[in-house]
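Q: A predicted structure for the sequence below; I have some questions about it.
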Amino acid sequence: MTEMFCFQCEQTSQGTGCTKGGVCGKKPEVARKQDELTCALIGLSRAANGKRTDKAAGELIIQSLFATITNVNFDPDRIDDLRNRVETEKGKLGNAADFDPDKLFHGDKDIISLRSTLLFGMRGMAAYAWHAHILGKDSTEVTSWFFKGLRVIGEEHTIDEWLSLIMEFGQVNLKCLALLDEANTNTFGHPTPTKVSLKVEKGPFIVITGHDLLDLKQLLEQTKGKGINIYTHGEMLPAHGYPELHKYSHLKGNYGTAWQNQQKEFSDLPAPVLFTTNCLMLPRSSYIANIFTTAVVGYPGVIHIPEKDGKKDFSAIIKKALDLGGWKEDKQFTGINGGTELNTGFARNTVMGVAETLISAVKSGAIRHFFLVGGCDGAKPGRNYYKEFVKQTPADTVVLTLACGKYRFNDLDIGEIGGLPRILDMGQCNDAYSAIQVAAALANAFKTDLNSLPLTLVLSWYEQKAVCILLTLLSLGIRNIYLGPMLPAFLSPNVVKVLVDKFNIKPISTPEADLKAILG
Ligand code: SF4
């Protein structure tokens, strides 16, 4: 028996599985506790079968699955706390047997592959459901599916049944994405095109990273008038496009490049950093005292800011910002390619607002093709593919992007088309919903289906939110997706064959070869 087994993310050891410790830094003890938590959730879903459950049980399932996502929670005590709460909820429902943690990732390769695909997709959906929940949006259908999904993970199914469950899940995740889109836009307004500076002004500041827009809103409120500037990092960048966040004059810009550069970029930062979700890398001793976590994020020895009655008290991080004081002079930073400014805010409302222009441009031949180059970033050099791909796209094409993979190219100036930048940042990974809506609107306008549009999806994956989005795209029948930097380790050769046969998923090759294959 190995010390642990985890193969849920793209950086998994040897491309097969982490067995002695996670490449992400997850220790065997935490991996084991996360497996046990997952198996206890299966027990909870069994205990709840056919019974009325209270709201707390659904919230606990969502929160617990979220805590098992890559780079979210490394704190064994916090995982224990979730596990204890699961046991309490299970007890209220009359108890049921948990799944055996030793069997979670062991057994028939194809069954493990299919079961893991569903489980990892559900972990990703849990993050989106949680963000919608804290903004007051819940869906009975989505929450019920968490119970159903966990229950079926603990059952035996044929390969066809698993595939059908995975496609059903993809459709439920689409509803969850729609719910979060509604929660975000109702609360913060529809994103509008916004330029984001990479300059950090002198004086005290706080960096906020992750996906939680409500945390940012509360932080902006609590720092108002205190002489502290706020900078986004990583997946928080698209927050600048939301009117109800953009209106704060001390939300100044974005600090840092891709998440995997944080250990270097935070090491001598004279400011605290608040992690609201993934991706948290092991904090180095040079800056661990300046790191704060909140929500489901956790790391032993790092100050955690809890929520009470929907409110968080950020006074400790505000004090830290004032103590550290920031830089003495303004500092101009650049993106990976030397750019000093980023664009964001091209979500569905904005893009559909210029739909007529885009449709006319396609009809006249001014726009030949759309690419959606989106997904997660990661440390592997093979991810330079995405930058080179974007750089080589012809001038009569548009690049839609979302999630953090865009840090490879979002500071590039590749020109404009019809008065719009050729790179249109649609937002965070969950804004895949925006991309799906835009694609559906274009298909409608051209009286065709999604697969007949002049649109190609070139996706990069790293963690489980990318898995749930991919499953949604497949459940919509979208074919010919290019996926990289490598195929997930949890897909067995037989499952890959099914995906290739049914959806023609293609591993990325080289930008030159792939562009030639797409554009001819
Ligand atoms: Fe390994 Fe990824 Fe699992 Fe971390 S999350 S232990 S890197 S597979």
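A: In hand now; what should we look at?
Q: going forward, measure contacts between C-alpha atoms and count neighbours the same way
A: Will do.
Q: could you pull out the strands in the stretch 151-300 of the chain for me?
A: 194-197, 199-200, 205-209, 229-233, 251-254, 273-275, 291-294 (DSSP state E, counting those that start in this stretch).
Q: residue ranges in the stretch 301-450 of the chain under the pLDDT threshold?
A: Nowhere does the stretch 301-450 of the chain drop to pLDDT under 70.
Q: redo that, cut-off 80
A: Within the stretch 301-450 of the chain, the stretches with pLDDT under 80 are 381.
Q: what segments of it are strands?
A: Using DSSP E, counting those that start in this stretch, strands in the stretch 301-450 of the chain cover 303-305, 307-308, 311-312, 331-332, 341-344, 369-375, 397-401, 416-417, 420-421, 423-425.
Q: touching the longest one from outside, list them.
A: Counting by Cα atoms under 8 Å, 6 or more residues apart in numbering, the neighbours of strand 369-375 from elsewhere in the structure are 362, 386, 390, 396-406, 429, 454-462, 466, 519.
Q: of those residues, buried ones?
A: 362, 386, 390, 396-406, 429, 454-462, 466 (16 or more other Cα atoms under 10 Å).
Q: the strands of the stretch 301-450 of the chain into CSV, with extra columns for distance to L220?
A: CSV is the format used below for the strands of the stretch 301-450 of the chain (distance: least, Cα to Cα, whole Å):
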stretch, distance to L220
strand 303-305, 16
strand 307-308, 16
strand 311-312, 12
strand 331-332, 22
strand 341-344, 19
strand 369-375, 28
strand 397-401, 27
strand 416-417, 33
strand 420-421, 29
strand 423-425, 23
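Q: tell me which of those lies nearest to the ligand.
A: Closest of the strands of the stretch 301-450 of the chain to the ligand is strand 369-375, at 16.2 Å (criterion: Cα to the nearest ligand atom).
Q: which bits of this protein sit near the ligand?
A: 6-9, 11-12, 17-18, 22-24, 26, 70 (Cα under 6 Å from any ligand atom).
Q: rerun that using 8 Å as the cut-off
A: Within reach of the ligand by Cα under 8 Å from any ligand atom, the chain has these residues: 5-13, 17-19, 21-27, 31, 69-71, 463.
Q: mark which of those are buried, thanks.
A: Buried among the residues of the chain next to the ligand (16+ other Cα under 10 Å): 5-13, 17-19, 21-24, 26-27, 31, 69-71, 463.
Q: just name the most buried of the strands of the stretch 151-300 of the chain.
A: strand 205-209 (a mean of 27; mean count of other Cα atoms under 10 Å).
Q: residues in contact with G234?
A: G234 touches T209, G210, G256, T257, A258, W259, C404, counting by Cα under 8 Å, 6+ apart.
Q: try P272
A: F205, I206, V207, N290, I291, F292, I317, K320, A321, L324.
Q: redo these as JSON lines? Include distance to I303.
A: JSON lines is the format used below for the contacts of P272 (distance: Cα to Cα, whole Å):
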{"residue": "F205", "distance to I303": "18"}
{"residue": "I206", "distance to I303": "15"}
{"residue": "V207", "distance to I303": "15"}
{"residue": "N290", "distance to I303": "9"}
{"residue": "I291", "distance to I303": "7"}
{"residue": "F292", "distance to I303": "5"}
{"residue": "I317", "distance to I303": "9"}
{"residue": "K320", "distance to I303": "11"}
{"residue": "A321", "distance to I303": "14"}
{"residue": "L324", "distance to I303": "16"}
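Q: I'd say L483 and I505 touch.
A: Yes. Using Cα atoms under 8 Å, L483 is in contact with I505, at 7.0 Å.
Q: ok, what's across the strand from the residue nearest to D313 when sequence neighbours are not counted?
A: Leaving out its chain neighbours, the residue that sits closest to D313 by Cα to Cα, 6 or more residues apart in numbering is I305, at 7.1 Å. Beta-bridge partners recorded for I305 (DSSP bridges): T294.
Q: I305 and I291: what is the separation?
A: With distances taken as Cα to Cα, to the nearest Å, I305 is found 11 Å from I291.
Q: residue of the stretch 101-250 of the chain closest to the ligand, please.
A: F120 (10.6 Å).
Q: check the residue in the stretch 351-500 of the chain that the ligand sits nearest to and give its pLDDT.
A: For the stretch 351-500 of the chain and the ligand, the shortest gap (Cα to the nearest ligand atom) falls at E463, measuring 7.6 Å. E463 is assigned 95 on the pLDDT scale.
Q: angles on the backbone of it, please.
A: phi -120, psi -160 (degrees, to the nearest 10).
Q: ok, now C18?
A: According to degrees, to the nearest 10, C18 has phi -90, psi 130.
Q: helix or strand for K148, which one?
A: helix 140-153 (DSSP states H and E).
Q: buried residues in the longest helix belonging to the chain?
A: If you go by DSSP state H, the chain has its longest helix at helix 159-188. Neighbour counts over helix 159-188 (16+ other Cα under 10 Å) mark 162-163, 165-184, 187-188 as buried.
Q: tell me what that helix is packed against?
A: On a contact count with 3 or more Cα pairs under 8 Å, 6 or more residues apart in numbering; DSSP states H and E, helix 159-188 meets helix 109-134, helix 140-153, helix 243-246, helix 432-445, helix 464-475.
Q: for G43, which of the ones you listed is the nearest?
A: helix 140-153 (7.9 Å; Cα to Cα).
Q: so the closest one versus helix 109-134, what angle?
A: Interaxial angle, helix 140-153 versus helix 109-134 (axes from the mean of the first three to the mean of the last three Cα atoms, to 10 degrees): 150 degrees.
Q: report the angle between helix 140-153 and helix 159-188.
A: 150 degrees.
Q: how much distance is there from helix 140-153 to the middle of the chain?
A: On the basis of Cα atoms, centre = their mean, to the nearest Å, helix 140-153 is displaced by 20 Å from the centre of the chain it belongs to.
Q: show me which positions of that helix end up buried.
A: Buried residues in helix 140-153 (16+ other Cα under 10 Å): V142, T143, W145, F146, F147, K148, G149, L150, R151, V152, I153.
Q: what score does the fourth one have for pLDDT?
A: If you check F146, the pLDDT there is 98.
Q: quick check, it in contact with L60.
A: No. Look at F146 against L60 with Cα under 8 Å: they stay out of range, at 10.7 Å.
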